[in-house]
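Visitor: pasted the sequence and its predicted model underneath.
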Amino acid sequence: MKLKVRTITPLFIGKGNDESIIKYNWYIDENNKKVEIMKKDLLSILVEKGFDSDQIRSILYKEENELRNLKEIEEESNEKIRQIIKENKILLDAYIYGRKKDYKKMDINNFINFEDEDVFRYYVPGSSLKGVLRTYAVFKILLDKEKSLIENLANYLCSLLPRERRFKKTIQIKDVIKKLKTYNNKN
């Protein structure tokens, strides 16, 4: 059996993990504490302290080393920045304390990354969506085999309810069955 599913809202396929959209870097302040800060913010702090922005940019982003390993360049620039922070006794804690909370709000869900884009793999996200599809598939099979089976099932479920709620639920279930039948006849 093949099902053709048409989404009526945007569908996000994710891993279930959150990832910050802000890339942090760790730097050591004068008290030898690790501090998490964005490079952009660090650049503005150093410029405020009187450092030449071109000099800082050349430390952060080395154009002349394009052919070298990116991780190696990153480690080297981080080490130079640590030295600048220690030598000039720049305290980053005061700046980061209020800002760190704002950045945490900027988490996004991870997308599913398929290793090999040539190979298509089916992926249905979320248990609730799988449940809806499974229920629809069972309903479709039952409806195709014997239409009265659904009505018999609805009547049986109503008989399990307490007497005072039975009448109300019977009406609700039968209304749903009518809508389903109408929908099925249109398709």
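Guide: Thanks, I have the structure now. Numbers count the residues shown, from 1 in each chain.

Visitor: can you pull the pLDDT of residue 91?
Guide: pLDDT recorded at residue 91 is 59.

Visitor: hang on, residue 155 is in a helix, isn't it?
Guide: Yes: with DSSP: H, G, I helix; E, B strand; the rest coil as the criterion, residue 155 is part of a helix.

Visitor: neighbours of residue 44, just the number please.
Guide: Neighbour count of residue 44, defined by other Cβ atoms under 10 Å: 14. Heads up, the C-betas are built off the backbone N, CA and C, glycines and all.

Visitor: which ones are touching it?
Guide: By Cβ atoms under 8 Å, 6 or more residues apart in numbering, the contact set of residue 44 is empty.

Visitor: that one sits in which helix or strand?
Guide: Per DSSP states H and E, residue 44 falls inside helix 39-48.

Visitor: so for that helix, mean pLDDT?
Guide: pLDDT averaged over helix 39-48 gives 69.

Visitor: pass me the low-pLDDT residue ranges in this protein, would you?
Guide: Low-confidence segments of the chain (pLDDT under 70): 1, 3, 7-43, 53, 55-78, 85, 88-130, 141-150, 153, 156-187.

Visitor: what about 50?
Guide: Scanning the chain for pLDDT under 50 picks out 20-22, 63-68, 94-111, 120, 122.

Visitor: how does this protein divide into domains?
Guide: Following automatic domain parsing, one finds the domains of the chain at 18-110, 127-186.

Visitor: looks to me like residue 140 is in a helix.
Guide: Yes: residue state for residue 140 (three-state DSSP) corresponds to a helix.

Visitor: that one: how many residues sit nearby?
Guide: 13.

Visitor: okay, it and residue 133: tell me how far apart.
Guide: Per Cβ to Cβ, to the nearest Å, residue 140 is found 10 Å from residue 133.

Visitor: same question for residue 4.
Guide: For residue 4 relative to residue 133 (Cβ to Cβ), the value is 11 Å.

Visitor: out of the two, which sits in the more crowded spot?
Guide: residue 133 (13 against 4).

Visitor: host element of residue 152?
Guide: Going by DSSP H and E, residue 152 is in helix 147-159.

Visitor: try residue 132
Guide: Secondary structure (DSSP H and E) places residue 132 in helix 127-145.

Visitor: likewise for residue 54?
Guide: helix 53-60.

Visitor: ok, now residue 82?
Guide: helix 70-87.

Visitor: specify the local secondary structure of residue 4.
Guide: coil.

Visitor: how close does it get to residue 87?
Guide: 65 Å.

Visitor: quick one: residue 44 from residue 51, how far?
Guide: 11 Å.

Visitor: got it, and residue 79?
Guide: Residue 79 is 17 Å from residue 51, by Cβ to Cβ.

Visitor: between the two, which has more neighbouring residues?
Guide: Shown here are residue 79 and residue 51; by other Cβ under 10 Å, residue 51 has more neighbours (16 against 12).

Visitor: mind listing what the more buried one touches?
Guide: Contacts of residue 51 by Cβ under 8 Å, 6+ apart are residue 84.
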